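A.B. asks: Quick one: sequence plus predicted model below, questions after.
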Amino acid sequence: MPSNRIISSITKFGSRSTPFLKPHAAIANTNLLQRMSKSTLESKFEEMSSKVNSLKKDPGNEVKLKMYALFKQATQGANTTSKPGALNFVAKAKWDAWTNLKDMSKDDAMQEYVSVVEGLITNESSSSEESKETGKSTAESKFEFLLYEVKDGYCKITFNRPEKYNAINWKCYEEIGNALNEAAQDENVVVAAITGNGPFYSAGNDLSGFRQLAEEHGGDIYKAAAAAGVRLETFVDSFIQFPKPLVALVNGPAVGIPVTTLGLFDIVLASSNATFHTPFPSLGQSPEGCSSYTFPKLMGHAKAVELLIYEKKITAVEAMERNIVNEVIEQSDFQRISQERLEFYASLPRKSLLYSKGLIRDKQREKLMAVNKEECERLVERWTSEECINAIMKFLTRKQSKI
């Protein structure tokens, strides 16, 4: 990097204080400064490229895709390669991300790449310092994407990805199942509740997880879809098999599977600002969470079709009218009142609650398991269809352009 003295000298010779300087000499010095600045940018770009591998925390598929596109643009320029087939899920995602940069200059791409990596390094350093101060680390937490609390007879499981609107990735699916299984076996837990951290209950399935699954299976979309189907079926089964009363504290908007699984809860309390949306057709998908069975049973065929097929978004009051929600609580009072309700449920005799739920639910479990299996099989077919892949890629590309 040039010293301050050199830069100062170059600037001085090109200034108005040197009327004797010939025009071509000023241009030459300006070009020298530009070359030195470009050399500095290239050095920084190379430095950040090497530091990416030292990051300890996975930045997520969206950021990695952006970094890939910026790196290709910085080193090769605009994308002129052939478009991969729709079923080559990972390659198509990369191709789309690179193509969307269009005519961005190599220098601009380098600069943005450097900014992204520096931001990741800064965030990682900040998280490390916070962990030292609290004496805790992410690795020491019981779950990575959930908060898990057992107190006074209740277990509260909280979606904890507020920066992603509590979207559920594949790791989170696994963690929720494990959390429910742990609560089921814990003698201190009378009742369990699920809620969200932040303004959202949950934005539903994190669609960028499909890319990660495809990468884990060598880009084979069929193997990835089959693996996703197994994970989803296991996840929903953990709700069906949960033996104790299960309460949903819907603190804000809910989309997709956090909505469809509500039919498997015993009590659903909703904040007045909560909304409920299941946009399956727009994504080329089909209902899950046993909703193809529970929703018509709870609200009737016509109302279920409005939600599951025609994507009608409903309010908390409308959800209560359709028997998805038991009680709507004013947003300003939701945390206090829902907590009071949860503590009351947990104070009731444990075995009485356990046996009562068994009498109500046991007759339905076999049917629910069969519905879950059928829904997951259909979703595996949907995930490998060109219709679904194109819809998801369109969604991800639109989302990527906003980052």
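C.D. replies: Perfect, thanks for sending it. Numbering: from 1, shown residues only.

A.B. asks: can you list contacts of stretch 386-394?
C.D. replies: By C-beta atoms under 8 Å, 6 or more residues apart in numbering, the residues outside stretch 386-394 that reach it are 86-87, 89, 92-93, 96, 207, 210, 221, 282-285, 382-383. Where you see a C-beta, it was placed from the backbone N, CA and C, and this is true even at glycine.

A.B. asks: among the residues you listed, which are in helices?
C.D. replies: Using DSSP state H to define helices, the subset of the contacts of stretch 386-394 located there is F89, K92, A93, D96, F210, I221, R382, W383.

A.B. asks: any idea which of those residues is closest to Q331?
C.D. replies: Closest approach to Q331 among the ones in helices among the contacts of stretch 386-394 (C-beta to C-beta): F210, at 33.3 Å.

A.B. asks: Would you mind listing which of the contacts of stretch 386-394 are buried?
C.D. replies: Neighbour counting over the contacts of stretch 386-394 (16 or more other C-beta atoms under 10 Å) leaves F89, K92, A93, D96, L207, F210, I221, L283, G284, Q285, R382, W383 as the buried ones.

A.B. asks: Give me the distance between the nearest residue to the third one once chain neighbours are set aside and I221.
C.D. replies: For A93, ignoring the flanking residues on the chain, the nearest one in space by C-beta to C-beta, 6 or more residues apart in numbering is R211 at 5.4 Å. In this structure, R211 and I221 are separated by 10 Å, where distance is defined by C-beta to C-beta, to the nearest Å.

A.B. asks: Likewise for K367?
C.D. replies: Look at K367 and I221: by C-beta to C-beta, they are 31 Å apart.

A.B. asks: coming back round to it: which of the contacts of stretch 386-394 lies closest to D266?
C.D. replies: Q285 (27.0 Å).

A.B. asks: Let me see the contact set for that closest one.
C.D. replies: The contact partners of Q285, taken as C-beta under 8 Å, 6+ apart, are L379, R382, W383, C388, A391.

A.B. asks: ok, now with 6 Å
C.D. replies: With C-beta atoms under 6 Å, 6 or more residues apart in numbering as the criterion, the residues that contact Q285 are R382.

A.B. asks: Now do it, the pLDDT please.
C.D. replies: According to the prediction, Q285 has pLDDT 95.

A.B. asks: ok, it to E311 distance?
C.D. replies: Distance, Q285 to E311, by C-beta to C-beta: 11 Å.

A.B. asks: and what of S282?
C.D. replies: Counting by C-beta to C-beta - S282 and E311 are separated by 6 Å.

A.B. asks: Same check on S291?
C.D. replies: Going from S291 to E311 by C-beta to C-beta gives 13 Å.

A.B. asks: and what of Q111?
C.D. replies: Applying C-beta to C-beta, one obtains 41 Å for the distance of Q111 from E311.

A.B. asks: and the helix or strand in which L379 is found, which residues are buried?
C.D. replies: Following DSSP states H and E, one finds L379 within helix 350-383. Of the residues in helix 350-383, those with enough neighbours to count as buried (16+ other C-beta under 10 Å) are 350, 353, 357, 361, 364, 368-369, 371-372, 375-376, 378-380, 382-383.

A.B. asks: closest to K297 among the residues you listed?
C.D. replies: Proximity of the buried residues of helix 350-383 to K297 (C-beta to C-beta) peaks at Q364, which lies at 9.5 Å.

A.B. asks: ok, that closest one to P296 distance?
C.D. replies: Here the distance between Q364 and P296 works out to 14 Å (C-beta to C-beta).

A.B. asks: And G263, by the same measure?
C.D. replies: As judged by C-beta to C-beta, G263 and P296 stand 10 Å apart.

A.B. asks: Show me which of these two is the more surrounded one.
C.D. replies: Under the neighbour definition other C-beta atoms under 10 Å, G263 and P296 were set side by side, and G263 has more, 21 against 16.

A.B. asks: Now do the same for the more buried one: helix, strand or coil?
C.D. replies: Three-state assignment for G263 (DSSP: H, G, I helix; E, B strand; the rest coil): helix.

A.B. asks: any idea what sits nearest it, other than its immediate chain neighbours?
C.D. replies: In this structure, G263 finds its nearest non-sequential neighbour in T294, 2.9 Å apart by C-beta to C-beta, 6+ apart.

A.B. asks: Is N166 in a helix, a strand, or coil?
C.D. replies: For N166, the secondary-structure state derived from three-state DSSP is coil.

A.B. asks: Can you give me the neighbour number for E340?
C.D. replies: 11.

A.B. asks: check which helix or strand covers it.
C.D. replies: When elements are assigned from DSSP H and E, E340 belongs to helix 334-347.

A.B. asks: Likewise for A248?
C.D. replies: Here A248, judged by DSSP H and E, is contained in strand 246-250.

A.B. asks: for F71, same thing?
C.D. replies: Assessed by DSSP H and E, F71 sits inside helix 61-76.

A.B. asks: helix or strand right after the helix or strand hosting A109?
C.D. replies: Using DSSP H and E, A109 sits within helix 106-134. Toward the C-terminal end, the helix or strand that comes next after helix 106-134 (DSSP H and E) is strand 146-151.

A.B. asks: Report the buried residues of the helix or strand following that next one.
C.D. replies: Where DSSP H and E defines the elements, the next helix or strand beyond strand 146-151 is strand 154-159. Neighbour counts using 16+ other C-beta under 10 Å place Y154, C155, K156, I157, T158, F159 of strand 154-159 among the buried residues.

A.B. asks: Parallel or antiparallel, which strands does strand 154-159 pair with?
C.D. replies: Using DSSP bridges, the neighbouring strands of strand 154-159 in the sheet come out as strand 146-151 (antiparallel), strand 191-196 (parallel).

A.B. asks: For it, what does the pLDDT average out to?
C.D. replies: Here the mean pLDDT over strand 154-159 is 97, rounded to a whole number.

A.B. asks: now it against strand 246-250, angle please.
C.D. replies: Taking axes from the mean of the first three to the mean of the last three C-alpha atoms, to 10 degrees, one finds strand 154-159 and strand 246-250 inclined to each other by 50 degrees.
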